[in-house]
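# heads up, no residue letters with this:
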C-alpha cells in the first residue's frame, strides 16, 4: 500500500476523514470517489469504451449522435432559428457525441453549424483533452469549456445531457422503525469501509415505504434545474439517462470496473459510480421551477421516432462490409430488454419554446 501522504490511496484518505469527523453521508463518499481533483475517478484516463470500464450510446453507434444532431436542427428551427445559439453538452465524455452532432449539422443544417457556439461543461482534465482532440476541425467556432453550467453565457441554447444525471452524487435514506434515517459510510477498526445508518431525517416522499426501503435523492438535480430556470433566454434541454419513469424505492448505487460490477466501497476512485435517475422527481423539480417538461419516453421510442431504422439502413447500404456490425449496434440502442426501455429521454424547456420532436 502506498504511503498515505502520497495521496494515492483515496480509500485511506476517506478512512482518515471518518475517524476524524465521524461517518460521512453516501453523497459525500460518492463525491470524493468520483470528483476528488487529484485521485477521483473522473481524473482517470481511458475509462469509456471497450477497453475501459463502461460504454455509452455514442460509442456504440454513430447513428445515436447523428439523430441527436438532427434533433438539434429541428428544435432550433422550432425556437425561431435564433442567429446566436449556444450548443451545450453536460459531461461530454470523450467528445464523441458532440463530434457526431457537429458533423451532422455541418451537412444537414450548415447555418446552425456556422452560428453555434459549443460550450462543454466538464470538470475532468483528461476528458477535456480527449474532447479537444475529438472536436478538432468539427466546430465552426472555438470550443469553450466550463466547470459549471452557471458559467455558460446566457443566450438561446440547446442543451444535451446524455448519461449525466446518473453520475451526480446521491444521498440515501433507509426506512427503519417507521422513520427515515440517513445512510452513511463508516469504517471498521481494520480500515474497511461499510454502510451504516445515521441520524433521523424528516422528509416527504411519494408512496408508502416498506420497512427497510431505500430512498435516493439528488441535490445536484435541484441545483441544475435552478441554473436552467435562471437563464433568461429560450432554452431546450434534452436528458437521456437510465432509470424509472415513476418514483421508486430501492438501492441503485452501482460501481463498474472493466465492464463488471464491483463493490463500491472496496477501492473508491478506481471504479465508476452511478445510480438510477428518478425521472418523475426531475420533472417535478423542473415544473416547480417554472419550466416545461416533455416525456419521459423510452429511448427506443425516442430514437425510433427520429428515424433510427432509416438512418441505420442508409449507413449499412453505404458500408456493406460493416453492415452486420452497424445493425447490431443500432439494435442494442433500442433492445426491449436492455437500453431501449431502461433508458429514457425527457426534454426540459422554457415555456415559451415549442415542444421539441418527437414530443410535439
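Received, thanks. Note that the structure is predicted; figures quoted are calculated from it, not measured.

# Report the separation between the residue nearest to residue 305 when sequence neighbours are not counted and residue 299.
Counting by CB to CB, 6 or more residues apart in numbering, the nearest residue to residue 305 once its immediate chain neighbours are dropped is residue 358, at 3.4 Å. All C-beta spots, glycine's among them, are computed from the backbone N, C-alpha and C. Distance from residue 358 to residue 299, counting by CB to CB, to the nearest Å: 12 Å.

# Settle it for me: which of these two has more neighbours?
Neighbours were counted for residue 358 and for residue 299 using other CB atoms under 10 Å; residue 299 has more, 25 against 19.

# Test my guess that that one contacts residue 336.
No: Residue 299 lies out of contact with residue 336 (CB atoms under 8 Å); the separation is 10.7 Å.

# name the element the residue nearest to residue 305 belongs to?
Secondary structure assignment for residue 358, by DSSP states H and E: no helix or strand.

# quick one, what contacts it?
By CB atoms under 8 Å, 6 or more residues apart in numbering, the contact list for residue 358 reads 297, 301-302, 305-306.

# Buried subset of the residues you listed as a ChimeraX selection?
The buried residues among the contacts of residue 358 can be selected in ChimeraX (16 or more other CB atoms under 10 Å) with this line:
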select :297,301,302,306
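
# Name the nearest of the contacts of residue 358 relative to residue 134.
The closest of the contacts of residue 358 to residue 134 turns out to be residue 306 (CB to CB; 22.6 Å).

# show me where pLDDT drops low in this protein?
By pLDDT under 70, the weakly predicted segments of the chain are 1-8.

# Who are the packing partners of whichever helix in it runs longest?
Ranked by residue count, the top helix of the chain under DSSP state H comes out as helix 62-78. Packing partners of helix 62-78 (3 or more CB pairs under 8 Å, 6 or more residues apart in numbering; DSSP states H and E): helix 57-60, helix 96-108, helix 110-115, strand 157-162, strand 235-242, helix 299-306, helix 308-318, helix 323-333.

# what's in contact with that helix?
By CB under 8 Å, 6+ apart, helix 62-78 touches 57-58, 82, 85, 87, 96-105, 108-109, 112, 158, 160, 162, 236, 238, 303, 306-308, 311-312, 315, 326, 329-330, 333, 353-357, 360.

# how much distance is there from that helix to the middle of the chain?
Chain-centre distance of helix 62-78: 18 Å, with CA atoms, centre = their mean, to the nearest Å.

# Give me the next element, helix or strand, following that helix.
Defined by DSSP H and E, the subsequent element after helix 62-78 is strand 85-90.

# Direction-wise, compare that next one with helix 96-108 and give the angle.
In terms of direction (axes from the mean of the first three to the mean of the last three CA atoms, to 10 degrees), strand 85-90 departs from helix 96-108 by 150 degrees.

# so what strands line up beside strand 85-90?
For strand 85-90, the paired strands and their directions (DSSP bridges) are strand 116-121 (parallel), strand 157-162 (parallel).

# Mean neighbour count, those: which tops it?
Each of the strands paired with strand 85-90 was assessed for mean neighbour count using mean count of other CB atoms under 10 Å. The highest is strand 157-162, with a mean of 24.

# what's that one in contact with?
Defining contact as CB under 8 Å, 6+ apart, one finds that strand 157-162 is touched by 56-58, 68, 72, 75-76, 85-91, 97-98, 101, 228, 231, 233-241.

# mind running it again at 6 Å?
Strand 157-162 has contacts (CB atoms under 6 Å, 6 or more residues apart in numbering) with 72, 86-90, 97, 235-240.

# Is residue 119 bridged to anything, and to what?
Taking DSSP bridges, one finds residue 88, residue 144 as the beta-bridge partners of residue 119.

# May I ask which helix or strand encompasses the residue of the chain most remote from its centre?
Using CA atoms, centre = their mean, the residue of the chain lying farthest from its centre is residue 189. It sits 36.0 Å away. Taking DSSP H and E as the definition, one finds residue 189 inside no helix or strand.

# quick one: it from residue 157, how far?
Counting by CB to CB, the gap between residue 189 and residue 157 amounts to 52 Å.
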